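Visitor: just to be clear, the model below is a prediction. Sequence and coordinates:
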Amino acid sequence: MDKYLVKCEKIDDFGRGIVFLDGKVMFVPDLLPNEEAYVIKTLDKKKYSLGKVVSFVLKSDDRVLSKCKNDDCGCSLKHLKYEKALEYKNEKVKNIFKKFASLDDVVLKIVYGDKKWNYRNKVTLKVKGKCGYFKNNSHEFVPIDRHELAKEDINNIISILNKEDLSNVSEVIIKAYDEIMVVIKGYMDISNLKKPVSSIYMNDKLVYGSKYIYNHIGDLKFLVGPEAFFQVNDDVTLKLYNKVLDYLPKDKNKTVLDLYCGTGTISLFLSKYYKNVIGIEINKDAYLCANLNKEINDIKNVNFICGDVSKEIDNLKADIVVVDPPRAGLSKEGIRDILKINPEEIVYVSCDPVTLARDINLLNGYKVVSDTPFDMFPMTYHCESVCVLERR
Ligand SMILES: C[S@@+](CC[C@H](N)C(=O)[O-])C[C@H]1O[C@@H](n2cnc3c(N)ncnc32)[C@H](O)[C@@H]1O
């Protein structure tokens with residue numbers, strides 16, 4: 001295969017090095033600005049190609065030896081000094097706001113947590129005899145003994161699983177909060193899993209322990225089910241929820257609408273400062289957990305609705321709206337209905353700055369006060385944000 005000598009210009013929004021080869025752009029993972037390397041082409045398209053480093057000619061001072069030794073695993077920034085990765089994410093959000101929403105000077109300094117590694121409280125692993133993952137955009141399976149982004153409790157479960165006969169298992173989800181849950185697709189003997197684990201599901205059926213497991217964020221307790229969403233980095237989540245709270249005017253006469261509320265975390269976090277909070281969530285498991293969470297925290301002024309935001313907000317009234325949608329952002333109907341509610345403030349929690357910037361443009365009549373990026377996913381290119389919008 002032909003090798004090409006290239007020099008990296010900068011990193012793209014997915015953490016890949018950008019180089020130019022014969023006038024065409026090539027994206028090369030694991031390559032930093034100003035580094036020179038021999039690369040091979042792994043994909044050649046009309047407008048761009050993908051490359052892979054074969055050997056380095058010049059390495060950057062910002063390069064570090066990574067704890068994760070896996071290839072193509074999703075740790076797209078593991079080779080970059082952490083301070084530089086934070087700068088990169090801050091700049092990336094600023095550039096996206098400028099490019100897609102024509103906004104300058106609204107993006108504040110990125111907030112980060114205590115843990116750069118071993119922070120994830122949930123992983124989904126593919127299984128082929130052993131736990132592992134498929135390389136990005138490929139069917140090549142890579143077995144693993146450890147997952148360096150995951151908490152040690154998860155790594156303990158991986159080592160137990162890898163000693164078992166996994167020939168009839170295709171996937172496992174491991175959630176490690178204050179208690180541990182394992183969700184198995186397929187069949188296996190679970191005798192050795194029972195000791196460290198509080199809950200085991202096999203093919204959607206509870207086969208051991210409790211239906212839900214406990215987590216806590218700050219002073220609040222949360223029960224989480226097998227299919228319910230929960231933020232993956234507990235330490236950064238607390239900082240993020242506190243930021244949402246900091247931004248909002250506290251007023252016991254006001255009603256807050258928490259759209260895409262998951263297990264009710266933000267609703268319950270805000271409840272003591274407002275007259276009432278209404279949360280909307282489409283996932284039934286998460287909705288059931290939200291109601292349990294209201295009970296176990298003895299909170300009375302919160303109500304949850306199970307359904308699609310676009311349909312359920314139609315006739316609701318609120319002074320403040322908090323939204324935390326999936327990566328795809330808000331739907332057109334959702335935006336139309338939020339505008340109809342006409343809240344004085346909107347707090348938009350986002351895991352994708354591009355869809356956030358797109359939606360800001362559509363929230364006519366609102367002005368961005370500030371956006372705070374959060375490093376919820378260290379070592380990856382992903383970046384969470386809390387954006388505050390005020391009625392003009
Ligand atoms: C990023 S999570 C946020 C959850 C919560 N705010 C938290 O911090 O844990 C997005 C949530 O939106 C829910 N969801 C996705 N589409 C929805 C829709 N159309 N209507 C209501 N909820 C939806 C998902 O099930 C998920 O729980």
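Guide: Cool, got the structure. Numbering: from 1, shown residues only.

Visitor: outline the domain layout of this protein.
Guide: 4-63, 84-115+234-391, 122-215 (automatic domain parsing).

Visitor: quick one: the second one to chain centroid distance?
Guide: The chain centroid and the centroid of domain 84-115+234-391 are separated by 13 Å, computed with C-alpha atoms, centre = their mean, to the nearest Å.

Visitor: average model confidence for that domain?
Guide: Average pLDDT, domain 84-115+234-391: 96.

Visitor: try the first one
Guide: The predicted model assigns domain 4-63 a mean pLDDT of 96.

Visitor: straight-line length of it, end to end?
Guide: In domain 4-63, first residue to last residue: 21 Å (C-alpha to C-alpha, to the nearest Å).

Visitor: picking that back up, the ligand is nearest to which of the domains of the chain?
Guide: domain 84-115+234-391 (2.7 Å; C-beta to the nearest ligand atom). To be clear about C-beta, it is placed using only N, CA and C from the backbone, and glycine gets the same treatment.

Visitor: find the one among the domains of the chain with the highest mean neighbour count.
Guide: Mean neighbours per residue, mean count of other C-beta atoms under 10 Å, is largest over those for domain 84-115+234-391, with a mean of 19.

Visitor: residues in contact with the longest helix along the chain: which ones?
Guide: Secondary structure assigned by DSSP state H gives helix 82-101 as the longest helix of the chain. Contact partners of helix 82-101, identified using C-beta atoms under 8 Å, 6 or more residues apart in numbering, comprise 11, 13, 15, 62, 64, 77, 80, 103-104, 106-107, 109-110, 112, 116, 353-354, 357-358, 360-361, 368, 371, 373, 375, 378-379, 381, 383, 385.

Visitor: so for A228, which of the domains of the chain sits nearest?
Guide: With C-beta to C-beta as the criterion, A228 lies closest to domain 84-115+234-391 of the domains of the chain, at 3.8 Å.

Visitor: burial of the closest residue in space to K78 that isn't next to it in sequence, as a residue count?
Guide: Closest residue to K78 apart from its sequence neighbours, by C-beta to C-beta, 6 or more residues apart in numbering: S66 at 3.9 Å. By the criterion of other C-beta atoms under 10 Å, S66 has 16 neighbours.

Visitor: next one: S66 from S55, what distance?
Guide: Here the distance between S66 and S55 works out to 18 Å (C-beta to C-beta, to the nearest Å).

Visitor: show me where the stretch 201-350 of the chain has strands.
Guide: Counting by DSSP state E, counting those that start in this stretch, the stretch 201-350 of the chain has strands at residues 205-209, 213-217, 220-224, 251-259, 274-281, 302-306, 320-323, 345-350.

Visitor: look up phi and psi at I190.
Guide: phi -100, psi 10 (degrees, to the nearest 10).

Visitor: from A176, how far out is the residue lying closest to it once chain neighbours are set aside?
Guide: Counting by C-beta to C-beta, 6+ apart, I190 lies nearest to I200, which is 5.4 Å off, once chain neighbours are set aside. The gap separating I200 from A176 is 13 Å, by C-beta to C-beta.

Visitor: for F27, which three-state class applies?
Guide: When classified by DSSP: H, G, I helix; E, B strand; the rest coil, F27 comes out as strand.

Visitor: test my guess that it contacts G51.
Guide: Yes - the pair F27 / G51 is scored as a contact, 7.0 Å apart, by C-beta atoms under 8 Å.

Visitor: in the sheet, who's paired with L80?
Guide: R63 (DSSP bridges).

Visitor: and it, how many residues sit next to it?
Guide: Neighbour tally, L80, other C-beta under 10 Å: 23.

Visitor: right, and it touches V64 too?
Guide: Yes - contact criterion C-beta under 8 Å: L80 and V64 qualify, at 7.0 Å.

Visitor: tell me where the protein has helices.
Guide: Counting by DSSP H, the helices of the chain are 82-101, 152-162, 234-247, 265-270, 284-296, 309-312, 332-341, 353-362.

Visitor: reformat these into JSON lines and put distance to F20 next to each item.
Guide: Putting the helices of the chain into JSON lines (distance: least, C-beta to C-beta, whole Å) gives the following:
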{"stretch": "helix 82-101", "distance to F20": "20"}
{"stretch": "helix 152-162", "distance to F20": "41"}
{"stretch": "helix 234-247", "distance to F20": "36"}
{"stretch": "helix 265-270", "distance to F20": "44"}
{"stretch": "helix 284-296", "distance to F20": "46"}
{"stretch": "helix 309-312", "distance to F20": "43"}
{"stretch": "helix 332-341", "distance to F20": "38"}
{"stretch": "helix 353-362", "distance to F20": "24"}
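
Visitor: tell me which of those helices lies nearest to V123.
Guide: Nearest to V123, of those and by C-beta to C-beta, is helix 152-162 at 5.7 Å.

Visitor: who does the closest one touch, helix- and strand-wise?
Guide: Judged by 3 or more C-beta pairs under 8 Å, 6 or more residues apart in numbering; DSSP states H and E, helix 152-162 is in contact with strand 122-127, strand 131-134, strand 169-176, strand 180-186.
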